[in-house]
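# Show me how the following folds:
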Amino acid sequence: MKKNVIIFIPSIEGGGVEKNLFLISNYLASKIENIFLITASKKFKKNFDKRISFITPKYNYWDSGTRKIKYFICIILLIKKIFINKNYVIFSFQANLYCVIIAKLFNVKIIIRSNSSPEGWSKNFLKNLIFKIFLKKADMTVVNSLDFKKKLYDKFNIKAKCIYNPLNINEIIKLSNQKIKKTLFQNNGTLKLINVGRYVDQKDQLTLLKAINEIKDQVKIQLIIMGRGVKKEILKEYINKNQLNKIVKLVNFQNNPYPLIKKSTVFILSSKYEGLPNVLLEALVLNKFVISSDCPTGPNEILSKGKGGLLFKTSDFRNLAKKILYYINNKKICNAKLKYARKKLYRFSLNKNLKEYFDTVNEFI
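You can find the predicted model right below:
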């Protein structure tokens, strides 16, 4: 008898991980009969195929809780589900360590999808030891870049499978054509820069602001940073202190950032670590030149070691400032780099990578 599939993601927050979650889940639902999704985030239900059965907490209170609270309640829901019937394969997008432990306790097969480089979640000896012991017990580990795959093997001796993010090019272009009330960019001949990401330490927009402050008197630039998060006040304080208000705008997170990206000239990623940043792929689809931190992992791979864009040393604002000036003074070279990067987008084929996910899950059901 074929097994049912449980997709596990306690906290859905609307970022790049979630875009992949929607695509992968809905594709699996078109191929596999019984798919369940355990989450505390009920408000995203409309993004999923109706054939997916939701398992959520009874009260909406949990949806407004912290990630840890959501993890706790969803772990309980998972245990209840497999305690009654073990005929499941778990496909975990989040809280992978806890999921692996529970799956092994109940003798249930588990696939985990790791979304960000180990630099973000293995910062001390004890954590490393715990991850090394338990993550290896997953029946399959999926990552989204080759560099990420290598890091997992080198650090934890985990043999992961790399499946690139499936990129829905037609949908991105369609959404980018939607009209917006205000473009926010001024049509005054200035260089239009944009960054999209949560206001958290990982995304390191402070380095980007420092770079802008370094060159604000040399060139005419505008910068929009779109996001939300705990570091917003720190970013606002830096903008005010350095009198960047006229050239930098912080914009609230939007479900459809593509019209604003389309109006920009250059997309800048300033992250300290990633997995495979979807937003870089989306910027390239919209024909935007990319300047990115050379963080682990993903940007170097997407930009083909700098052949498809410019890479700067992570957290080095002076290096980033130089890259922005380089773009301004070397448009012909940079246009050739952009053309090269767009040619390499075939690696992120929607149908090819979704089929790889289905084949991977299908092995265990």
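
# Could you point out the helix or strand that follows the helix or strand encompassing Leu280?
Secondary structure from DSSP states H and E places Leu280 in helix 278-285. Scanning forward in sequence from helix 278-285 by DSSP H and E, the next helix or strand is strand 289-293.

# Show me what that following strand packs onto, helices and strands only.
The contact analysis (3 or more CB pairs under 8 Å, 6 or more residues apart in numbering; DSSP states H and E) places strand 289-293 against strand 266-269, helix 278-285, helix 299-302, strand 310-312, helix 317-329, helix 331-343. For glycine as for every other residue, the C-beta is placed from the backbone atoms N, C-alpha and C.

# strands paired with that strand, and their directions?
If you go by DSSP bridges, strand 289-293 pairs up with strand 266-269 (parallel), strand 310-312 (parallel).

# quick one: the strands in this protein?
Secondary structure of the chain by DSSP state E: the strands cover 4-8, 35-38, 52-55, 88-92, 109-113, 140-143, 161-162, 191-196, 221-227, 248-252, 266-269, 289-293, 310-312.

# so Phe185 touches Lys263, yeah?
Yes. If you go by CB atoms under 8 Å, Phe185 and Lys263 touch, sitting 5.1 Å apart.

# shared neighbours, these two?
Lys192 (CB atoms under 8 Å, 6 or more residues apart in numbering).

# Compute the number of surrounding residues for the nearest residue to Asn60 once chain neighbours are set aside.
Leaving aside its sequence neighbours, Asn60 sits nearest to Lys42 (CB to CB, 6 or more residues apart in numbering; 6.5 Å). Applying other CB atoms under 10 Å, we find 13 residues neighbouring Lys42.

# And Tyr346, how close does it get to Lys161?
Tyr346 is 20 Å from Lys161, where distance means CB to CB, to the nearest Å.

# Over to Lys132?
From Lys132 to Lys161 the distance is 19 Å (CB to CB).

# Centre of the chain to the helix holding Leu280, how far?
11 Å (CA atoms, centre = their mean, to the nearest Å).

# Tell me the buried residues in that helix?
By neighbour count on 16 or more other CB atoms under 10 Å, the buried set for helix 278-285 is 278-285.

# tell me which of the residues you listed is nearest to Asn177?
The shortest approach to Asn177 among the buried residues of helix 278-285 belongs to Val285, at 12.6 Å (CB to CB).

# How about the contacts made by the nearest residue to the closest one once chain neighbours are set aside?
For Val285, ignoring the flanking residues on the chain, the nearest one in space by CB to CB, 6+ apart is Ile172 at 4.9 Å. Contact analysis of Ile172 by CB under 8 Å, 6+ apart lists 258, 282, 285-286.

# Quick one: low-confidence residue ranges for the protein.
Across the chain, the ranges flagged by pLDDT under 70 are 1, 120-122.

# by how many degrees do the lengthiest helix in it and strand 4-8 diverge?
Of all segments of type helix in the chain, defined using DSSP state H, the longest is helix 67-84. With axes from the mean of the first three to the mean of the last three CA atoms, to 10 degrees applied, the angle from helix 67-84 to strand 4-8 works out at 170 degrees.

# Could you report the separation of the residue lying closest to Lys3 once chain neighbours are set aside from Leu235?
In this structure, Lys3 finds its nearest non-sequential neighbour in Ile365, 4.4 Å apart by CB to CB, 6+ apart. Shown here: Ile365 relative to Leu235, a distance of 45 Å by CB to CB.

# and these two? which has more neighbours close in?
Shown here are Ile365 and Leu235; by other CB under 10 Å, Leu235 has more neighbours (19 against 16).

# so the more buried one touches Ile225, yeah?
Yes. Contact criterion CB under 8 Å: Leu235 and Ile225 qualify, at 7.1 Å.

# Quick check: neighbours shared by these two?
199, 205, 250.

# from the residues you listed, which is closest to Asp294?
Nearest to Asp294 among the shared contacts of Leu235 and Ile225, with distances taken as CB to CB, is Gln205, at 16.9 Å.
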